[in-house]
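1. Here is a sequence with its predicted model. Questions after.
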Amino acid sequence: MAKEITPRQEDYSQWYLDIVKKAGLADNSAVRGCMVIKPNGYAIWENMRDILDRKFKETGHVNAYFPLFIPKSFLSKEAEHVEGFAKECAVVTHHRLKADPSGNGLIVDPDAKLEEELIVRPTSETIIWSTYKDWIQSYRDLPLLINQWANVVRWEMRTRPFLRTTEFLWQEGHTAHATKEEAIAEARLIHDLYADFAETYMAMPVVKGVKTLNERFAGAEDTYTIEALMQDGKSLQAGTSHFLGQNFARAFEVNFLNENNKQELVWATSWGVSTRLVGALIMAHSDDEGLVLPPKLAPLQVVIIPVPKPDEKINEVAEKLRRELLSKGISVKYDTDEKNRPGFKYAEYEMKGIPVRVAIGQRDLEKGVAEVARRDTREKEFIPLDGLAGYIGTLLDQIQENLLLKALRFRQENTREANDYNTFSEILEQKGGFVSAHWDGTTETELKIKEMTKATIRCIPLERDDEEGKCILTGNKSAGRVLFAKAY
RNA sequence: CGGGAUGUAGCGCAGUCCGGUAGCGCACCUGUUUUGGGAACAGGGGGUCCCAGGUUCAAAUCCUGGUAUCCCGACCA
């Protein structure tokens, strides 16, 4: 039973927080806006990370690591960039504490003030490009294709677990190229890679597109985005890939000698996805019973439960099944804990989103069957023990496919066209979702629409029909539809 | 940074208006009976009532100041 979608944000917000909590994904921490990612939640991120890391390496990228702290002067070199991040930075001003003379705990030692303040990285462009300056001399040093797995800190006004936390984990790729074409191709390669990851592994369909000038990354010339529609009708930016032009090369004086012995500025990209993807995964598939995980990312794919409790005969069958599943590369746990009864375990594993549950009971064994329950539809079936492992393997694939289809259907049902402002605002107010509409291409109009409806242009879809039209607000000429939505 | 709320056991809360023994549910520990969709009973352990000051014979409760968190906006991956 799917969560009934309500346009009332408070309900959905509470539903989301409940799942994060009940599925044991994360807790609030003692630090403002930061969360503790618990083992269940971290395991999902690890799976995402492993798959993405493999894909990056397959496309020629390598990993490296740069400092957590960025000297303040570095950050100010690229004007747009600094303006984009200045308001949300944590700053280190001192390097020592001492005992409070009044005897109560510790104080910051005023004598330990830093000459130059250090910024806890909100993103690493600046420190990486100041390093690249030394690494790049010749066209032979290019392209430089580096990725970093790291944590970053952005002091946002308002936070929510996974979707927006003060500190978050991510990967950030930073590449340098000899030509503009090559840099654009790189940004698009990663854009495609992200979209493929979202659909194939997260079972979450995304719209690929380009950000408008207003929504673009600070310092970028083009921002490619993947936008996913959540079950409450709001859009989530799930990943971005930026073509940075020569802005950072210019700011950090990264030149190279080309084949004709001439100095040129390098062309750059940067791209990243974060633990926000875990939030996206929760919001894309979960229902009122809790988390629903796509099998390809589920830390645990199958759980076997002895009914009512383990005994010799059940253990034997369960162990055999467990070994067979493991040999197929399927992760599985045989839950022999006798503290809890089966009903308790069913509810528990459903809350945690385990895709397939197998219940093996004495009565079933006499008939040579086991009860197999799938999390996505909550259907149960009795399946012969003979060939059970193979059946489960197929079932996991079916669940993966079904989740994607369901999400696709949802997106289809919640993507609407609007040809005049009244229809446009009515859809946004009453139904939410994506609204495809004409726009005159100006930031002014975009901001006005945002002010009036709270909706922003999520992207200019890469795949769109050439269709002349009139802007829904100003009536001015438009070359094609763009995608509006309220966003996270 | 604006609006609203909250801080009491690991978690969720009552008690605060009207000052007088620190409570309830879940979880935890022990035992018994149970066991096919979140078991029942009995017993037990666990507290800086956010912090500081004030009023009072007496403060979780009243007063003053601080602080933290959450929700709704604006800002953002």
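-> All right, it came through fine.

2. what residues does the stretch 1-150 of chain A put near RNA strand B?
-> Neighbours of RNA strand B within the stretch 1-150 of chain A, by C-beta under 7 Å from any atom of the strand: A:Gln9, A:Glu10, A:Ser13, A:Leu17, A:Asn28, A:Val31, A:Arg32, A:Gly33, A:Lys87, A:Glu88. Where C-beta positions appear, they are placed from N, C-alpha and C, glycine not excepted.

3. and the nearest residue to A:Leu257 once chain neighbours are set aside, how many residues sit next to it?
-> Distances taken as C-beta to C-beta, 6 or more residues apart in numbering put A:Ser138 closest to A:Leu257, at 5.2 Å, once the chain neighbours are dropped. By other C-beta atoms under 10 Å, 12 other residues sit near A:Ser138.

4. for A:Asp288, same thing?
-> 11.

5. I'd like the distance between it and A:Thr474.
-> In this view, A:Asp288 and A:Thr474 are 43 Å apart by C-beta to C-beta, to the nearest Å.

6. quick revisit: check the residues of the stretch 1-150 of chain A next to RNA strand B and tell me the two furthest apart.
-> Greatest spatial distance in those: A:Glu10 and A:Lys87, 27.0 Å, computed using C-beta to C-beta.

7. next one: phi and psi at the closest residue to RNA strand B within the stretch 1-150 of chain A?
-> Closest contact between the stretch 1-150 of chain A and RNA strand B, by C-beta to the nearest atom of the strand, is at A:Arg32 (2.7 Å). Per-residue torsions, A:Arg32: phi -50, psi 120 (degrees, to the nearest 10).

8. I am assuming it contacts A:Thr165, so please confirm or correct that.
-> No. Using C-beta atoms under 8 Å, A:Arg32 makes no contact with A:Thr165, being 10.1 Å away.

9. burial of A:Ala479, as a residue count?
-> There are 15 residues near A:Ala479, going by other C-beta under 10 Å.

10. surely A:Cys459 meets A:Arg481?
-> No. At 11.1 Å, A:Cys459 does not count as touching A:Arg481 under the criterion of C-beta under 8 Å.

11. neighbour-wise, which of these two wins?
-> Using other C-beta under 10 Å as the criterion, A:Cys459 and A:Arg481 rank with A:Cys459 on top: 27 against 21.

12. looking at this, that one is in a helix?
-> No. Secondary structure of A:Cys459 (DSSP: H, G, I helix; E, B strand; the rest coil): strand, not part of a helix.

13. how near is it to A:Val207?
-> Counting by C-beta to C-beta, the gap from A:Cys459 to A:Val207 is 6 Å.

14. ok, the residue nearest the centre of chain A - contacts?
-> Most central in chain A under C-alpha atoms, centre = their mean is A:Leu277, positioned 2.0 Å from the mean C-alpha point. Listed by C-beta atoms under 8 Å, 6 or more residues apart in numbering, the contact partners of A:Leu277 are A:Trp45, A:Met48, A:Ala198, A:Met202, A:Ala238, A:Gly239.

15. Is there any residue in stretch A:327-342 that contacts RNA strand B?
-> Yes. Using C-beta under 7 Å from any atom of the strand, stretch A:327-342 comes into contact with RNA strand B via A:Lys339, A:Asn340, A:Arg341, A:Pro342.

16. Just the mean pLDDT for that stretch, thanks.
-> For stretch A:327-342, mean pLDDT rounds to 94.

17. could you say which helix or strand contains A:Ala389?
-> helix A:388-413 (DSSP states H and E).

18. so after that helix, what's the next helix or strand?
-> Counting by DSSP H and E, the element after helix A:388-413 in chain order, helix or strand, is strand A:415-418.

19. Doesn't A:Val36 belong to a helix?
-> No. Counting by three-state DSSP, A:Val36 is not found in a helix; it is strand.

20. Just give me the neighbour total for it.
-> 13.

21. Quick one: residues contacting it.
-> A:Val36 makes contact with A:Ala26, A:Asp27, A:Asn28, A:Ser29 under the criterion C-beta under 8 Å, 6+ apart.

22. If you rank those residues by neighbours, which is first?
-> Highest neighbour count within the contacts of A:Val36, by other C-beta under 10 Å: A:Ala26, with 22 neighbours.

23. Got the phi and psi for that one?
-> Main-chain dihedrals, A:Ala26, degrees, to the nearest 10: phi -160, psi 160.

24. Surely it touches A:Ile37?
-> Yes. With contact defined as C-beta under 8 Å, A:Ala26 and A:Ile37 form a contacting pair (5.2 Å).

25. Could you dump the contacts of A:Leu277 into a markdown table with pLDDT, secondary structure and neighbour count added?
-> Formatted as a markdown table, these follow (pLDDT from 0 to 100; DSSP: H, G, I helix; E, B strand; the rest coil; neighbours: other C-beta atoms under 10 Å):
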| residue | pLDDT | secondary structure | neighbour count |
| --- | --- | --- | --- |
| A:Trp45 | 96 | helix | 21 |
| A:Met48 | 97 | helix | 22 |
| A:Ala198 | 98 | helix | 25 |
| A:Met202 | 98 | coil | 28 |
| A:Ala238 | 94 | strand | 26 |
| A:Gly239 | 95 | strand | 28 |
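
26. from those residues, which is closest to A:Thr445?
-> Distances from A:Thr445 to these, taken as C-beta to C-beta, are shortest for A:Ala238 (25.8 Å).

27. give me phi/psi at A:Leu229?
-> Main-chain dihedrals, A:Leu229, degrees, to the nearest 10: phi -90, psi 120.

28. go on, the one 3 residues further on?
-> Here the main-chain torsion angles of A:Asp232 (degrees, to the nearest 10) amount to phi -100, psi 10.

29. Please name the nearest non-neighbouring residue to it.
-> Using C-beta to C-beta, 6+ apart, the closest residue to A:Asp232 is A:Tyr12 (4.0 Å).

30. so how far is the helix or strand hosting the one you found off the chain centroid?
-> Using DSSP H and E, A:Tyr12 falls within helix A:9-22. Centroid separation for helix A:9-22 versus its chain: 18 Å, with C-alpha atoms, centre = their mean, to the nearest Å.

31. Mind listing residues that contact stretch A:191-204?
-> Residues from elsewhere that reach stretch A:191-204, judged by C-beta under 8 Å, 6+ apart: A:48, A:51-52, A:55-56, A:59, A:205-206, A:208, A:224-226, A:228, A:238-239, A:241, A:271, A:273, A:277, A:280-281, A:284-285, A:294, A:296-297, A:400-401, A:403-404, A:407.

32. go again using 7 Å as the cut-off
-> A:51-52, A:55, A:59, A:205-206, A:208, A:224, A:226, A:228, A:238-239, A:241, A:273, A:277, A:280-281, A:284-285, A:294, A:296-297, A:400, A:403-404, A:407 (C-beta atoms under 7 Å, 6 or more residues apart in numbering).

33. ditto for stretch A:292-305
-> The contact list for stretch A:292-305 (C-beta under 7 Å, 6+ apart) reads A:43-44, A:47-48, A:201-203, A:281, A:285-286, A:318, A:321-322, A:325, A:330-335, A:342, A:345, A:349, A:353-360, A:375-376, A:392, A:396, A:399-400, A:403.

34. can you count the residues close to the closest residue to RNA strand B within the stretch 351-488 of chain A?
-> Nearest to RNA strand B in the stretch 351-488 of chain A, going by C-beta to the nearest atom of the strand, is A:Gly361, at a distance of 2.1 Å. Residues near A:Gly361, counting by other C-beta under 10 Å, number 17.
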